[in-house]
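[1] can't give you the sequence, but here's the structure:
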């Protein structure tokens with residue numbers, strides 16, 4: 001584990017823990033509000049969590065060449081995570097817009 005310093009490990013591990021807590025809090029918020037789009041956001045956060053865990057795993061094993069595939073997986077999960085987070089944010093934004101309503105036209109009276 002010489003690949004990273006102790007302070008860097010603390011940051012890596014605390015970031016993963018923070019991400020897990022954020023996923024749980026957002027899921028809970030979705031339950032409380034009844035808005036399933038927030039559940040979608042919490043699920044959309046999972047690829048980024050996998051990406052972070054890939055990085056931690058690779059560093060834990062001293063950046064072993066045999067585990068270089070983790071770097072590719074991390075990059076892929078980051079890309080996928082960026083798109084899933086974008087899509088979830090769009091769905092939340094769309095759910096806040098009022099439904100399109102058509103205002104009735106006044107009836108002309110003939111006089």
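    Good, I have the coordinates. Since the model is a prediction, treat every value here as computed from it, not as a measurement. Numbering: from 1, shown residues only.

[2] Need the pLDDT of the residue sitting nearest the centre point of the chain.
    Closest residue to the average C-alpha location of the chain: residue 45 at 2.4 Å, with CA atoms, centre = their mean. Note on residue 45: pLDDT of 98.

[3] count of neighbours near residue 56?
    Here the number of neighbours of residue 56 (other CB atoms under 10 Å) works out to 18. For glycine as for every other residue, the C-beta is placed from the backbone atoms N, C-alpha and C.

[4] Go ahead and confirm the residue nearest to the centre of the chain touches residue 20.
    No: counting by CB atoms under 8 Å, residue 45 does not reach residue 20; the two are 9.3 Å apart.

[5] Contact partners for the closest residue in space to residue 4 that isn't next to it in sequence?
    With sequence-adjacent residues excluded and distances taken as CB to CB, 6 or more residues apart in numbering, residue 4 is closest to residue 59, at 5.2 Å. Going by CB atoms under 8 Å, 6 or more residues apart in numbering, residue 59 touches 1, 3-4, 9, 12.

[6] which parts of stretch 72-90 are buried?
    73-74, 77-78, 80-81, 84, 88 (16 or more other CB atoms under 10 Å).

[7] what does stretch 31-40 give?
    35, 37-40.

[8] possible to save the residues you listed as CSV with secondary structure?
    Compiled in CSV, the buried residues of stretch 31-40 are given as follows (DSSP: H, G, I helix; E, B strand; the rest coil):
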residue, secondary structure
35, coil
37, helix
38, helix
39, helix
40, helix
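
[9] Quick one, which of these has the minimum pLDDT?
    residue 35 (91).

[10] Tell me which helix or strand comes right after the helix or strand that contains the residue nearest to residue 4.
    The secondary structure element spanning residue 59 is helix 46-60 (assigned by DSSP states H and E). Going down the chain from helix 46-60, the next helix or strand is helix 69-96, by DSSP H and E.
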